[in-house]
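# 3D model of this:
(chains A, B, C and D)
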2 protein chains.
Amino acid sequence: MADKHPSRPSNPNVSVDCVVFGFDEEQLKVLLIEQRTSGDFAPQLALPGDLVLQDENLDESATRILKELTHLEGIYLKQFRAFGDPDRVNNLKDKEWLRTVRENPDARVITVAYYSLVKMEAYRPEAASFAGKVIWQNVSEIPELGFDHNKIVNEALARLREEFEFKNIAFELLPKKFTLTMLQKLHEIVLGVQLDKRNFRKKLKKSDTLQPLDEKQSGVDHKPAQLFKYSSGKK
Amino acid sequence: MADKHPSRPSNPNVSVDCVVFGFDEEQLKVLLIEQRTSGDFAPQLALPGDLVLQDENLDESATRILKELTHLEGIYLKQFRAFGDPDRVNNLKDKEWLRTVRENPDARVITVAYYSLVKMEAYRPEAASFAGKVIWQNVSEIPELGFDHNKIVNEALARLREEFEFKNIAFELLPKKFTLTMLQKLHEIVLGVQLDKRNFRKKLKKSDTLQPLDEKQSGVDHKPAQLFKYSSGKK
DNA sequence: ATGACTAAGTGTACAAAATACACTAAGATT
DNA sequence: AATCTTAGTGTATTTTGTACACTTAGTCAT
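Numbers count the residues shown, from 1 in each chain, chains lettered A, B, ... in the order given. Prediction:
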């Protein structure tokens, strides 16, 4: 049992949790994993997350953990907040899942949260062997999650929306190639509003951050759209 | 010596660092403390910060640490980012200052950073007995600091500016009573620009977030200005 | 090849917001 | 009473945001 005297530093466990938002033409979802612990607890849903290892920085940790748990790679993850209520991981089931039982069972767990945004069709998550499965859950229908993960998802969603509202386009979070219609739909889905096509494009043009590619959309049964990439400044 | 096998969770020390910005009519400064360790190291400057204790959450920790080190109280502190490079605290002097030597000397230190903004004249920081002294350092003349604190200050300043640019007024960060001229000067100092008095006031009026008090500025040798407080929504 | 279907791509008129700019008013000091 | 200092206020112009509908390019079915 760790020392619980209040005037001592806590030497907590530190974990990383990843809120991966996925979008398609209509919906915004969050990637969740089903936790199956070795104990006989009922499975529960939670964000992909695990403890930070000794020789990695936080960004590296997030990348590694997301890959280990869901096989997703090459995704930009943005740190947005640490969560550290002393009792935020307070039950056996949660601790078992986090490997905390084996390492440092009585210490609290402080977590550093990351978010990202991906095109669902471009990334096919697969559950790690030891996890149950991974699912895309609609952001408007998120059930009760393990740990304090509902709070973390809500905060991440708020940040994502701020990013889109204030900075206009969250380029770090975008796919490398995209059509203007895709970009508009993404904004509409994230912000929950309808936008005017011409006005949306006018604003993009003025911001001067898009570069047309020598490539058009393929695999559609109508006029294919021009593909663009992000480019700061002008051509 | 702690276990350094890379595949193990790190059970790091976790600290909090506070970037307290202070403003007057002309300048924006940062509160720094001079570290005097018990060893025979030369003093160095750093942000007020220390390890998180077992039974406190991160916000509580920040509040406590700022008070212990500088006697500042009643200040809104906003968490903005965790910093966790594995070697960000890598010398004996830094470790000694952080009490890490006594508790968990070989583990890395992950820090959660907070910032805030105060009227310098309203808060008189005093050094804790064990610290050297506290100083207000101009943000444009920050010397080399301990740990990775230069990086943390730069990031905090960027966030503070974003807050002022995008959200227009960072009310959480303001004094409770203020004149419109004070508010304008603050914006000018933080953003490093000149603003037009009438346009600035027009925008404030439209935002409908200020409430005039039954009180005017005192102690000035000219026409006293109306004092306002923040108020969401209308009177 | 023709016609029908689907989404891509484009411009203009109006409303709202941001900017540039200079004088009068209130209190303090002599 | 005169002077000094900052408070407080409005209008004209430019820029930005909004509302709105038709033509074009490619695919598919006949």
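# now the angle between helix B:149-166 and the helix ranked longest in chain A, please.
Longest helix in chain A, counting residues (DSSP state H): helix A:149-166. Relative orientation of helix A:149-166 versus helix B:149-166 (axes from the mean of the first three to the mean of the last three C-alpha atoms, to 10 degrees): 60 degrees.
# quick one: average pLDDT of the next helix or strand after helix A:149-166?
Using DSSP states H and E, the helix or strand that follows helix A:149-166 towards the C-terminus is helix A:180-191. Throughout helix A:180-191, pLDDT has a mean value of 96.
# Show residues contacting helix A:180-191.
With C-beta atoms under 8 Å, 6 or more residues apart in numbering or on different chains as the test, helix A:180-191 has contacts from A:23, A:25-28, A:117, A:160-161, A:164-165, A:169, A:174-175, A:193-195, A:197, A:200-201, A:204, A:225-226, A:228. To be clear about C-beta, it is placed using only N, CA and C from the backbone, and glycine gets the same treatment.
# could you check whether it is close to DNA strand D?
No - contact between helix A:180-191 and DNA strand D is absent, the nearest approach being 11.6 Å (criterion: C-beta under 7 Å from any atom of the strand).
# Check which element follows that helix along the chain.
Using DSSP H and E, the next helix or strand after helix A:180-191 towards the C-terminus is helix A:197-207.
# filter the contacts of helix A:180-191 to the buried ones?
Buried members of these, scored by 16 or more other C-beta atoms under 10 Å in any protein chain shown, are A:23, A:28, A:117, A:160, A:164, A:169, A:174-175, A:200-201, A:204, A:228.
# CA-only coordinates of the longest helix of chain A in PDB, if you can.
Taking C-alpha atoms only, helix A:149-166 is exported to PDB below (Å, rounded to 0.1, in the frame of the first residue of the first chain):
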ATOM      1  CA  HIS A 149     -14.100   9.100 -20.100                       C
ATOM      2  CA  ASN A 150     -17.500  10.700 -20.700                       C
ATOM      3  CA  LYS A 151     -16.000  13.900 -19.300                       C
ATOM      4  CA  ILE A 152     -13.000  13.600 -21.500                       C
ATOM      5  CA  VAL A 153     -15.000  12.900 -24.700                       C
ATOM      6  CA  ASN A 154     -17.200  16.000 -24.000                       C
ATOM      7  CA  GLU A 155     -14.200  18.200 -23.400                       C
ATOM      8  CA  ALA A 156     -12.600  16.900 -26.600                       C
ATOM      9  CA  LEU A 157     -15.700  17.600 -28.600                       C
ATOM     10  CA  ALA A 158     -15.800  21.100 -27.300                       C
ATOM     11  CA  ARG A 159     -12.200  21.600 -28.300                       C
ATOM     12  CA  LEU A 160     -12.700  20.200 -31.700                       C
ATOM     13  CA  ARG A 161     -15.600  22.600 -32.300                       C
ATOM     14  CA  GLU A 162     -13.600  25.600 -31.100                       C
ATOM     15  CA  GLU A 163     -10.900  24.600 -33.500                       C
ATOM     16  CA  PHE A 164     -13.400  24.700 -36.400                       C
ATOM     17  CA  GLU A 165     -15.100  27.800 -35.300                       C
ATOM     18  CA  PHE A 166     -12.200  30.000 -34.400                       C
END
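# what separates that helix from the chain centre, distance-wise?
10 Å (C-alpha atoms, centre = their mean, to the nearest Å).
# check whether it contacts DNA strand D.
No - figure legend: helix A:149-166 not in contact with DNA strand D (C-beta under 7 Å from any atom of the strand); closest approach 11.5 Å.
# Packing partners of that helix?
strand A:13-23, strand A:78-83, strand A:109-119, helix A:180-191 (3 or more C-beta pairs under 8 Å, 6 or more residues apart in numbering or on different chains; DSSP states H and E).
# how about a cut-off of 10 Å?
Identification of packing neighbours for helix A:149-166 by 3 or more C-beta pairs under 10 Å, 6 or more residues apart in numbering or on different chains; DSSP states H and E yields strand A:13-23, strand A:28-35, strand A:44-46, strand A:78-83, strand A:109-119, helix A:180-191, helix B:149-166.
# got the CA coordinates for the fourth one in CSV?
Output in CSV follows, covering the C-alpha atoms of strand A:78-83 (Å, rounded to 0.1, in the frame of the first residue of the first chain):
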residue,chain,number,x,y,z
LYS,A,78,-3.3,16.8,-30.4
GLN,A,79,-2.9,17.0,-26.7
PHE,A,80,-5.6,19.1,-25.1
ARG,A,81,-5.8,18.6,-21.3
ALA,A,82,-4.7,16.5,-18.3
PHE,A,83,-7.3,15.1,-16.0
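# what's it packed up against?
Counting contacts by 3+ C-beta pairs under 10 Å, 6+ apart, strand A:78-83 packs against strand A:13-23, helix A:58-70, strand A:109-119, helix A:149-166, helix B:58-70, strand B:78-83, strand B:109-119.
# Make CSV out of the ones you listed and add distance to A:Ala82.
Shown next, in CSV, are these (distance: least, C-beta to C-beta, whole Å):
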stretch, distance to A:Ala82
strand A:13-23, 9
helix A:58-70, 9
strand A:109-119, 5
helix A:149-166, 10
helix B:58-70, 6
strand B:78-83, 4
strand B:109-119, 5
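# and chain A, which residues reach DNA strand C?
Residues of chain A lying near DNA strand C (C-beta under 7 Å from any atom of the strand): A:179-181, A:197-199, A:201-202, A:217, A:220-226.
# Identify the bridge partners of the nearest residue in space to A:Val89 that is not next to it in sequence.
Of all residues not flanking A:Val89 in the chain, A:Val109 sits nearest, at 4.1 Å (C-beta to C-beta, 6 or more residues apart in numbering or on different chains). When bridges are called by DSSP bridges, A:Val109 pairs up with A:Asn13.
# Is there a neighbour count for A:Val109? I'd like the number.
Neighbours of A:Val109 under the rule other C-beta atoms under 10 Å in any protein chain shown: 24.
# correct me, but it touches A:Leu51?
Yes - with contacts counted by C-beta atoms under 10 Å, A:Val109 reaches A:Leu51, the gap being 8.0 Å.
# Give me the common contacts of those two.
Common neighbours of A:Val109 and A:Leu51, using C-beta atoms under 10 Å, 6 or more residues apart in numbering or on different chains, are A:13-15, A:98, A:100.
# Highest neighbour count among these?
Counting neighbours by other C-beta under 10 Å, A:Val14 leads these with 28 neighbours.
# Alright, calling it a day.
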